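S.K.: I'll drop the sequence and a predicted model, then ask my questions.
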Amino acid sequence: MLVIDNLHAEVDGKPILKGLSLSVNAGEVHAIMGPNGAGKSTLGYVLGGRPGYEVTQGSVTFDGPENQKLDLLELEPHARAAAGLFLGFQYPVEIPGVSNVQFLRESLNSQRRARGEAPLSGGDFLKLARAQAGALEMDAEMLKRPVNVGFSGGEKKRNEMVQMGILDPKFAVLDETDSGLDIDALRIVGDGINRIMRAPGKAVLLITHYQRLLDYVKPDQVHVLADGRIVRSGGPELAHELEAQGYAQVAA
């Protein structure tokens, strides 16, 4: 579903990704772990198309609608989203003056229009939004509030999972979704990822520092990212090895 080949990227002229290659098949969850500054968030931003992250070499191929092979790097960010890519941010932004409901309905309907689908009516959208909020144990009243304004760290991450449930992407890149979550919220968010994304035609790239989220979202493969490259890959047991021994020992 996603094939990254020899990807190099830089920020402000500084090389961050230095030949990263990775393949994620449909139906799989892959976890990326690594020390601070290794390039984990840069990888997410490059896949999402964030400005300021310049790809200098390599390619990214994505299976879009009807499994059409797309050159992801040639698409604008909104086109990547319409093709089925979702990027969950390490630090979700606040958008004062824009309600969750307004933001989410416009996001969903813009993607539906891009795919040639009819937009959802207000009533149908509210049913969908309330169902997704309920599944993530988020008070439906929070849908009326400005996007992430006044939300705790855990509420922002839970709200982001509601967004993912509504948009229903094919491929999710989740950057430290476990950051700021307490024990209960970690379980709820983990269950949400499994409910929304554990399906034969979907896949997840889960970027995390810690093994704890992987207790809930079982990865098919775990990769260690260090100095802009994948330096080691393995099964779920690799995450436990990292937790016990640290990155320097395992990636050496």
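M.R.: On my side now, so go ahead.

S.K.: Show me the helices in the protein, by range?
M.R.: Counting by DSSP state H, the chain has these helices, from start to end: 40-48, 77-82, 100-114, 122-135, 153-167, 183-197, 237-245, 247-251.

S.K.: Now do the same for the first one: mean pLDDT, whole number.
M.R.: By that I understand helix 40-48. Averaging pLDDT along helix 40-48 gives 95.

S.K.: next one: the fourth one
M.R.: For helix 122-135, the mean per-residue pLDDT is 93.

S.K.: tell me what that helix is packed against?
M.R.: Judged by 3 or more C-beta pairs under 8 Å, 6 or more residues apart in numbering; DSSP states H and E, helix 122-135 is in contact with helix 100-114, helix 153-167. Using the backbone N, CA and C atoms, a C-beta is placed for each residue, glycine as well.

S.K.: what sits opposite Gly234 in the beta ladder?
M.R.: Beta-bridge pairing for Gly234 (DSSP bridges): Val222.

S.K.: And Asp63, by the same measure?
M.R.: Lys69.

S.K.: okay, now it: neighbour count?
M.R.: Neighbour count of Asp63, defined by other C-beta atoms under 10 Å: 20.

S.K.: residues contacting it?
M.R.: 1-2, 26, 69-70, 170 (C-beta atoms under 8 Å, 6 or more residues apart in numbering).

S.K.: Any chance of a markdown table for the residues you listed, columns distance to Ala38 and pLDDT?
M.R.: Shown next, in a markdown table, are the contacts of Asp63 (distance: C-beta to C-beta, whole Å; pLDDT from 0 to 100):
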| residue | distance to Ala38 | pLDDT |
| --- | --- | --- |
| Met1 | 23 | 94 |
| Leu2 | 19 | 97 |
| Ala26 | 27 | 95 |
| Lys69 | 29 | 93 |
| Leu70 | 27 | 96 |
| Lys170 | 26 | 96 |
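
S.K.: Report the two of those residues separated the most.
M.R.: With C-beta to C-beta as the measure, no two of the contacts of Asp63 lie farther apart than Ala26 and Leu70, at 14.4 Å.

S.K.: what about these two, which has more around it?
M.R.: The neighbour comparison of Ala26 against Leu70 (other C-beta under 10 Å) goes to Leu70, with 19 against 15.

S.K.: Pretty sure the more buried one sits against Ala82.
M.R.: No. Between Leu70 and Ala82 there is no contact under C-beta atoms under 8 Å: 10.7 Å.

S.K.: anything in contact with each of those two?
M.R.: Counting by C-beta under 8 Å, 6+ apart, nothing touches both Leu70 and Ala82.

S.K.: wait, isn't Glu176 in contact with Thr208?
M.R.: Yes. With contacts counted by C-beta under 8 Å, Glu176 reaches Thr208, the gap being 5.9 Å.
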